[in-house]
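*Asks:* Model the following, please.
(chains A and B)
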Amino acid sequence: MRNLKQEPVKTLFLGSSWESVETLKSLNEDSRFDIVGVITTVDKPVGRDQVLTPSDVKKYALENSIEVFHTEKNDEKYREALKKFHPELIVCKAFGEIVPEFFIDYPRYKAINIHFSILPKYRGAVPIQKAILNGDDKTGITIMLMSKALDEGDILEIYEEKILPKDTNLSLRKRLVKKSAEILGNTLENWINGNIKPQKQDSSSATYCWQKDISKENAEINWEEMDPEYIERMTRAFTPWPIAWTQWNNKRVKLFDVDIVKCDSNKVPGELFTDNGNLLLGTKLKDLCIKVNRLQIEGKQEMSAKEFINGRLGLS
RNA sequence: CGCGGGGUAGAGCAGUGGCAGCUCGUCAGGCUCAUAACCUGGAGGUCGUCGGUUCGAAUCCGACCCCCGCAA
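*Replies:* Numbering: from 1, shown residues only, chains lettered A, B, ... in the order given. Predicted structure coming up:
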């Protein structure tokens, strides 16, 4: 039994995105852990002007005087990192690189990954989006050992979280980030003190999700084939990126917030029309329409349906 | 110099050389048992900024600033 408060665990953190920052922050502010360094992706060009920008994790680390290291998918660099930091524990969240096996085997207390699904369901890059898209009523957090293959390591702890009817990828992700930051420290302490026996995953029931499923191309609504329910889930799963969209007057229209409503119309699927002050889109089902609450026309700012109607924009 | 759309009242938009407009909101009054209803009236604009052309510019020309879609 190790008293972590007197003898903090030398921890190396791997991550890149804003959600990894929350995880890093919770560990950095936890006296049981001593963050010896952070590995993150190199600065990337970002936005319309392609300005070279450090990752959110790098920004946090620099502000908090934590040493930053870039491995750039290079085995030699990984060896260098081990020599430099001598970690007893590695924690990884939304890093964006596949790490070599010798690296995750090195620390005394192994390498831990946090994944936002109930593994072995939704192994891969976009588990939250996929859970919403599939209409699941719950998802969760898996804290697990890293292994050679992606998301296949033994499980230390699972936390379940309900998916609410209006949940978007963003809103659900925020809850999971917050929750995982709350439970991580204790889970790690239990693991380090030998109170957790890792559970093997049942790989025969594994499912997978790929980043390419969540792309601008896949965010275009196919009105002939998609059910209204699926379209509504798309708008939530594709928030805040890439945003479900369709065509109107040869322009892209992003749909930010929609509802499914009963309607009695013979509109063509995908046709935009107004009815009683509502902005509706016809679907392949005659008695159901998509009611648009917030939208954005290409070249315009995001606006409410009411604002869109007030401007008339060619609608009769 | 990656490609493209845009900046006009608080919001959304129309307006290609000749009085600054529309829908919504807002304010005042009216009607109504009642209102996101209806009627009447009002306030609210350096037309992104600077310069140029012109008798006259929101409108044409040049430069710059800002917002957005695509691409990466």
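*Asks:* going forward, measure contacts and count neighbours with C-alpha atoms only.
*Replies:* Fine.
*Asks:* Quick check on the closest residue to RNA strand B within the stretch 101-250 of chain A: phi, psi?
*Replies:* Nearest to RNA strand B, among the residues of the stretch 101-250 of chain A, is A:Lys216, at 6.5 Å (C-alpha to the nearest atom of the strand). Note on A:Lys216: its backbone torsions stand at phi -60, psi -40 [degrees, to the nearest 10].
*Asks:* Name the nearest residue to it, sequence neighbours excluded.
*Replies:* Using C-alpha to C-alpha, 6 or more residues apart in numbering and skipping the chain neighbours, the partner closest in space to A:Lys216 is A:Pro242 (5.4 Å).
*Asks:* Read off the pLDDT value for the one you found.
*Replies:* Looking at A:Pro242, its pLDDT is 95.
*Asks:* All the strands of the stretch 151-300 of chain A, in order from the start?
*Replies:* Using DSSP state E, counting those that start in this stretch, the strands found in the stretch 151-300 of chain A span residues A:155-162, A:208-209, A:245-248, A:251-262, A:272-275, A:278-282, A:288-297.
*Asks:* need the least confident one among those, by mean pLDDT.
*Replies:* Looking at the strands of the stretch 151-300 of chain A, the bottom one is strand A:272-275 with a mean of 88.
*Asks:* Next, the buried residues of that strand.
*Replies:* A:Leu272, A:Phe273 (16 or more other C-alpha atoms under 10 Å).
*Asks:* all strands of the stretch 1-150 of chain A, in order?
*Replies:* Listed in chain order (using DSSP E, counting those that start in this stretch), the strands of the stretch 1-150 of chain A are A:9-15, A:33-39, A:44-46, A:51-53, A:68-69, A:89-93, A:111-115, A:123-124, A:138-145.
*Asks:* Run me through the strand neighbours of the fourth one, direction for each.
*Replies:* Using DSSP bridges, the strands paired with strand A:51-53 are strand A:44-46 (antiparallel).
*Asks:* Over to the longest one?
*Replies:* Partner strands and pairing direction for strand A:138-145 (DSSP bridges) are strand A:111-115 (antiparallel), strand A:155-162 (antiparallel).
*Asks:* Let me have those strands in TSV, adding distance to A:Gln296 and mean neighbour count as columns.
*Replies:* Compiled in TSV, those are given as follows (distance: least, C-alpha to C-alpha, whole Å; neighbours: other C-alpha atoms under 10 Å):
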stretch	distance to A:Gln296	mean neighbour count
strand A:111-115	32	24
strand A:155-162	30	18
